[in-house]
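Engineer: Build me a model:
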Amino acid sequence: MLTWLYVPGDRPERFRKALASGADTVIVDLEDAVAPARKAYALDAVTDLLGSTHSVPVQVRISAFEQLDTLTGLPGLAGVRVPKVETPQAVRAAAVAGVPVHALIESARGVEAAFEIATVCGPDGSIGLGEADLSADLHVSAEAGLAWPRSRVVVAARAAGLGPPAMSVYPHVSDLDGLAASCVTGRGLGLLGRAAIHPRQLPVIVEAFRPSEPEVEKAAELLSAFDPDAGTAVLSDGRFVDIAMVAAARRTVELAARFS
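Structural biologist: Purely as a prediction, here's the structure:
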């Protein structure tokens, strides 16, 4: 998956549009996008949405663990996003829903505990950053200040056997060039895919993370030349190939095929 689209939980008239947006996953938000006075209404709306399954997976970002009492067991619930995670205990508390748990790390304390958090998310779960709150917590005013926390969650996810983390949302909806540049930066750090807050951001994200033709060609050449019995190979340009590079090449080819 490369794209996740947020939709406010108290705007049920937007649910159908979100599901038809082309996003790989829709995230219905019960947290920051919903005012406190409307959270009960939002939970009712989300419950109605999740009463049946959909062709697009639907996750819910909760604002309180009590909401899981209502969400648990609903057929359309594909995952739970837990905000502001700082300890593994928060992930374990969300696991009662019986669906994959996706932990959002939004503080310095959470970053420091990233590996411990990742180890309890389960093979189908994930970790990622909530960069707006994290930037405020760290007093960071430029994207460059997030390079280390981004790398930290990439390493933590890999060490825990999880897939690469996705990037947090880019808040400037009309700045598509800035979004593209930010995605390129994140991709270089090992992040894969990105959450969005508007459908117009989705094709920009896909284009930024989809392997280019030269990347696919190099990956295909590597896979063709690799001898599994020998465990190594040397390509025509002198590049030495080992098994770790083969795994990366396979991911590139599979990702390109997914979005061809």
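
Engineer: use CA for all of it now, contacts and neighbours both
Structural biologist: Fine.

Engineer: what about the closest residue in space to residue 226 that isn't next to it in sequence, distance to residue 135?
Structural biologist: The spatial neighbour of residue 226 that comes closest, neighbours along the chain excluded (CA to CA, 6 or more residues apart in numbering), is residue 233 at 5.2 Å. In this view, residue 233 and residue 135 are 44 Å apart by CA to CA, to the nearest Å.

Engineer: again, but for residue 1
Structural biologist: 26 Å.

Engineer: which of those two has more neighbours?
Structural biologist: Between residue 1 and residue 135, residue 135 has the larger neighbour count (other CA atoms under 10 Å), namely 18 against 14.

Engineer: got a pLDDT number for that one?
Structural biologist: On pLDDT, residue 135 comes in at 97.

Engineer: tell me which strands and helices the strand or helix carrying it is in contact with?
Structural biologist: Residue 135 belongs to helix 131-138 when assigned by DSSP states H and E. Counting contacts by 3 or more CA pairs under 8 Å, 6 or more residues apart in numbering; DSSP states H and E, helix 131-138 is packed against helix 108-112.

Engineer: let's go with 10 Å and repeat that
Structural biologist: Secondary-structure packing of helix 131-138 (3 or more CA pairs under 10 Å, 6 or more residues apart in numbering; DSSP states H and E): strand 101-105, helix 108-112, helix 147-159.

Engineer: Tell me where the stretch 151-260 of the chain has strands.
Structural biologist: 194-196, 233-234, 240-241 (DSSP state E, counting those that start in this stretch).

Engineer: Mind telling me which of those the model trusts least?
Structural biologist: If you rank the strands of the stretch 151-260 of the chain by mean pLDDT, strand 233-234 sits at the bottom with a mean of 70.

Engineer: Give me the residue ranges of the stretch 1-150 of the chain where confidence is low.
Structural biologist: Applying pLDDT under 70 to the stretch 1-150 of the chain picks out no residues at all.

Engineer: next one: the stretch 151-260 of the chain
Structural biologist: Scanning the stretch 151-260 of the chain for pLDDT under 70 picks out the ranges 229-232, 234-236, 238, 260.
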